[in-house]
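Visitor: This is a predicted model, with the sequence first.
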Amino acid sequence: MMNFAEYNARLCDKDLQEYFQHLLLERVEKPHDETVKDQIAELQCLVLSKRLSGKAVIELRDQNKVAAELAEQGKIDESVILLQQILAICPEHYYAIYTLGVIAFEQGNFEEALDCFEHAFETNPFFTDSLLRIFDCSVCMGNTSKISGLVNKALNLQPNDPELLETKRHLEDGTYPERLEKLIKAPKEKETDIKDELLKLKAMLERGNSGEALEKLKSLIPSRSEPNRFSSW
């Protein structure tokens, strides 16, 4: 298996069609190898289609990595500007579109994130991560009616892909992966916490402790000046 340095060298001066077929077999044998998955997607969308030169592919990939790192650091505006610059050069750059979706998803903007992930998948149906994120958004929004068709489309291209097969099983069983556990449970836990606090407030009022109840009520209402926080992935 080539590392990215070897892959980049080959990208610039050799035909990669045979290597692409080899990667599809590697994907089945090494389901957790992110390098294999990323190279498959990049070859399919940008290289074999001749949309970009090998040098341009490498440069834009590196810029996208910087944009993702900026977002992790909470520098969202800087990250978005860099991603927009990538898309100005290559509107079909599925990974830049995907990264915009990740930013929206981490901010809780699931509809906006879904639009980005669907666009990324339409641009490159070999990009497995976009399909997984579409599934995540659909689960978080409580509507998975459209995802089955997309999973089948992706499986037609990569019928043995382990992550796609796992996603199909989740759909059939009505379950979801561990990565969504916190997002699914958090709203329920928050609702329980609020009910508990309201019961305490009721008990204070019944005891005639109106002053204490007022202070408690103030603590339950967030300040309007409190800034929104971005939770990095």
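Guide: Thanks, I have the structure now.

Visitor: What's the local residue count around residue 156?
Guide: 9 (other CB atoms under 10 Å). Glycine gets a C-beta too; all of them are placed from N, C-alpha and C.

Visitor: three-state assignment of residue 31?
Guide: coil (DSSP: H, G, I helix; E, B strand; the rest coil).

Visitor: ok, it to residue 179 distance?
Guide: 16 Å (CB to CB, to the nearest Å).

Visitor: and these two? which has more neighbours close in?
Guide: residue 31 (15 against 9).

Visitor: Please name the nearest non-neighbouring residue to the more buried one.
Guide: Leaving aside its chain neighbours, residue 31 sits nearest to residue 162 (3.7 Å; criterion: CB to CB, 6 or more residues apart in numbering).

Visitor: Surely residue 67 touches residue 96?
Guide: Yes: using CB atoms under 8 Å, residue 67 is in contact with residue 96, at 7.3 Å.

Visitor: hey, what's in contact with both of these two?
Guide: 83, 86 (CB atoms under 8 Å, 6 or more residues apart in numbering).

Visitor: In this protein, where is pLDDT below threshold?
Guide: For the chain, the stretches with pLDDT under 70 are 185-198, 201, 213, 216-233.

Visitor: quick one, domains of it?
Guide: 4-176, 181-220 (automatic domain parsing).

Visitor: highest average neighbour count across those domains?
Guide: Counting by mean count of other CB atoms under 10 Å, domain 4-176 has the highest mean neighbour count of those, with a mean of 17.

Visitor: chain center to that domain, what's the gap?
Guide: From the chain centre to the centre of domain 4-176 is a distance of 9 Å (CA atoms, centre = their mean, to the nearest Å).

Visitor: show me where the chain has helices.
Guide: 4-13, 17-29, 34-42, 54-72, 76-89, 94-106, 110-123, 128-141, 147-157, 162-173, 181-206, 210-220 (DSSP state H).

Visitor: Any idea which of these gets closest to residue 48?
Guide: Distance to residue 48, taken as CB to CB, is lowest for helix 17-29 among these, at 6.4 Å.

Visitor: residue contacts, the closest residue to residue 137 other than its chain neighbours?
Guide: Leaving aside its sequence neighbours, residue 137 sits nearest to residue 114 (CB to CB, 6+ apart; 4.1 Å). Contact analysis of residue 114 by CB under 8 Å, 6+ apart lists 101, 134, 137, 138, 141.
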